[in-house]
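[1] Here is my input, please return the structure:
(one chain, ligands or ions: 1)
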Amino acid sequence: MSIKTNRAASYWEQKTFLRHRNVIIIGSGIVGLTAALSLRKRNKDLRILVVDRSPIPHGASTKNAGFACFGSPSELLNDIDQQGWTRTIELVKKRWEGLKLLKELIPHDKMKYNPCGGYEVFDDTQKHLFDRCESNLGELNKALSFIGNDVFRPGNNLIDSHSLQRFYGMISCPYEAEIHPGLMVQYLIWRCQRENIEFINGLNIDRIEEQNNQISISGDNMNITSDFILLATNAFTRKLLPEVDLYPARNQVVVTSPIYALHLKGIYHQDMGYVYFRVVDKNRILLGGARNRFDQQERTDDIANTTNVLGHLENLLREKIIPGQDFQIDYCWSGILGLGTTKSPLVEWYSDRIFVACRMGGMGISIGALIGQNAADEITSR
Ligand SMILES: Cc1cc2nc3c(=O)[nH]c(=O)nc-3n(C[C@H](O)[C@H](O)[C@H](O)COP(=O)(O)OP(=O)(O)OC[C@H]3O[C@@H](n4cnc5c(N)ncnc54)[C@H](O)[C@@H]3O)c2cc1C
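    Numbers count the residues shown, from 1 in each chain. Below is the predicted model of the structure:
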């Protein structure tokens, strides 16, 4: 049946755009694009096609906050409560390795990499959490010594210089950085194109079928066969493979109008990583998250904004982050995280010809390039 879907395609189209490939990657986010580049590095003759449902990538990779981070103290302690020290630290190692790979792949100026350092801030309702973090800093730093010395440092003496007087406590981390996610993805696409990796955009895949020693993908009345498929669709994977351990979680983001005399200087985490903010354009604040306050509502893959979350974020700005400053919200958007019963990514063979690399757990900018590389290793060694 699926062959019929190509009947409207010309002979010429079937011999070019729709011809058989060695690997088709569904999803042109950080995982799909870095996997494509890793595949090319391993085999210059592979015919590789990247397919995305949208004219420009429409996943989290171009909608995130651009934090090159690996987990704030309260987030890591929360993870340790859920999955223990060993698995948590192993995951941080992978995020750190992923960041190293990303920096090797993309020249720093091409993604505006800025090693500005990061801070976790605590408001006065979180004194208990702050005390817990402070008393665990030694043990965390020992476990994270593969990153460097004193990864997390007491930072209360810095609160005034950041003009964050409405916060009660601060912990700094000089190893964190910020990037421009739009530039990152643009650069990866440009590199792929230079490496003879093909793209079809605007093709929403709704079916994958294995047949006669090959596999086919179809959508929008088109059908293309391949030896292998890599699913790099993160939060949207269940639309194709409903049984995988994954659920979508929306994160909403706002960016303010330019603000006079901003004293923020880095990337900031709050509330166990659920809230994050930074400066963009030198004088605007990007603030996002707080999905934990609207848990059931935000378990969705609907890329939309809601007044209650936007209102909550605006209140945080007005009451805590920049009280007394005059501003409006100039931009708002949302993106979808891929989460599951564990924080670790899902990186495995789903069948003989389908490899899945999804569930980035909200830190795909950090871990994504490593997962892309792992997926390419698996496919080329099959
Ligand atoms: C608001 C927000 C802030 C974040 N902040 C950070 C951060 O600061 N640091 C960090 O490390 N991580 C952050 N993350 C997480 C990070 O952005 C993601 O983990 C990462 O981008 C996931 O990359 P990916 O390549 O796996 O998937 P995605 O980037 O989501 O890409 C999946 C692609 O698949 C395509 N697709 C899906 N289904 C189909 C289909 N059926 N057919 C064809 N194409 C399809 C989509 O269009 C999309 O382009 C944030 C996420 C969000 C939403």
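[2] Outline the domain layout of this protein.
    For the chain, automatic domain parsing gives the domain ranges 2-63+182-241+344-380, 78-93+109-179, 247-339.
[3] In a markdown table, list those domains along with mean neighbour count, mean pLDDT and distance to residue 69.
    Every C-beta, even on glycine, is put in place using the N, C-alpha and C of the backbone. Formatted as a markdown table, the domains of the chain follow (neighbours: other CB atoms under 10 Å; pLDDT from 0 to 100; distance: least, CB to CB, whole Å):
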| stretch | mean neighbour count | mean pLDDT | distance to residue 69 |
| --- | --- | --- | --- |
| domain 2-63+182-241+344-380 | 20 | 95 | 6 |
| domain 78-93+109-179 | 17 | 97 | 5 |
| domain 247-339 | 17 | 97 | 7 |
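[4] export those domains to TSV and tack on distance to residue 70?
    What follows is those, written out as TSV (distance: least, CB to CB, whole Å):
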stretch	distance to residue 70
domain 2-63+182-241+344-380	6
domain 78-93+109-179	5
domain 247-339	11
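[5] Around the ligand, pick out the residues from the stretch 201-350 of the chain.
    Applying CB under 6 Å from any ligand atom, we find that the stretch 201-350 of the chain lies next to the ligand at 204-205, 232-236, 239-240, 251, 253, 288, 335-337.
[6] biggest separation within these, which pair?
    Longest distance between any two of these is 28.5 Å, between 205 and 288; criterion CB to CB.
[7] Tell me who's in contact with the residue in the stretch 51-200 of the chain that the ligand sits nearest to.
    Going by CB to the nearest ligand atom, the ligand is nearest to residue 59 of the stretch 51-200 of the chain, at 2.1 Å. When contacts are counted by CB atoms under 8 Å, 6 or more residues apart in numbering, residue 59 touches 27, 29, 233, 234, 235, 236, 335, 336.
[8] Pretty sure the fifth one sits against residue 301.
    Yes. In this structure, residue 235 sits in contact with residue 301. The criterion is CB atoms under 8 Å, and the distance is 5.6 Å.
[9] anything in contact with each of the two?
    With CB under 8 Å, 6+ apart as the test, residue 235 and residue 301 both reach 248, 336.
[10] which ones are touching the residue in the stretch 251-382 of the chain positioned nearest to the ligand?
    As assessed by CB to the nearest ligand atom, the ligand sits closest to residue 364 within the stretch 251-382 of the chain, at 2.2 Å. Contacts of residue 364 were listed using CB under 8 Å, 6+ apart, and they are 29, 30, 31, 60, 61, 64, 234, 338, 371.
[11] same thing but 6 Å
    Listed by CB atoms under 6 Å, 6 or more residues apart in numbering, the contact set of residue 364 reads residue 30.
[12] And the helices in this structure?
    Counting by DSSP state H, the chain has helices at residues 11-15, 30-42, 73-105, 127-143, 181-194, 295-298, 307-316, 364-380.
[13] and those helices as a markdown table, adding distance to residue 166?
    Output for those, formatted as a markdown table (distance: least, CB to CB, whole Å):
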| stretch | distance to residue 166 |
| --- | --- |
| helix 11-15 | 60 |
| helix 30-42 | 34 |
| helix 73-105 | 18 |
| helix 127-143 | 14 |
| helix 181-194 | 28 |
| helix 295-298 | 25 |
| helix 307-316 | 10 |
| helix 364-380 | 28 |
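[14] Tell me which of these lies nearest to residue 163.
    Closest approach to residue 163 among those (CB to CB): helix 307-316, 15.1 Å.
[15] CA-only coordinates of the closest one in PDB, if you can.
    This file holds the C-alpha atoms of helix 307-316, laid out as PDB (Å, rounded to 0.1, in the frame of the first residue of the first chain):
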ATOM      1  CA  THR A 307      -2.100  33.400  30.500                       C
ATOM      2  CA  ASN A 308      -1.500  31.800  33.900                       C
ATOM      3  CA  VAL A 309       2.100  30.800  33.300                       C
ATOM      4  CA  LEU A 310       2.900  34.100  31.500                       C
ATOM      5  CA  GLY A 311       1.400  35.900  34.500                       C
ATOM      6  CA  HIS A 312       3.400  33.900  36.900                       C
ATOM      7  CA  LEU A 313       6.600  34.600  35.000                       C
ATOM      8  CA  GLU A 314       5.800  38.300  34.800                       C
ATOM      9  CA  ASN A 315       5.200  38.400  38.600                       C
ATOM     10  CA  LEU A 316       8.500  36.800  39.200                       C
END
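[16] Quick one: distance of that helix to the chain centre.
    22 Å (CA atoms, centre = their mean, to the nearest Å).
[17] For it, give me every contacting residue.
    By CB under 6 Å, 6+ apart, helix 307-316 touches 252, 254, 287, 290, 294, 332.
[18] thought the fourth one was touching residue 273?
    No. Residue 290 sits out of contact with residue 273 when judged by CB atoms under 6 Å, with a separation of 11.0 Å.
[19] got the contact list for residue 285?
    Counting by CB under 6 Å, 6+ apart, residue 285 has contacts 256, 277.
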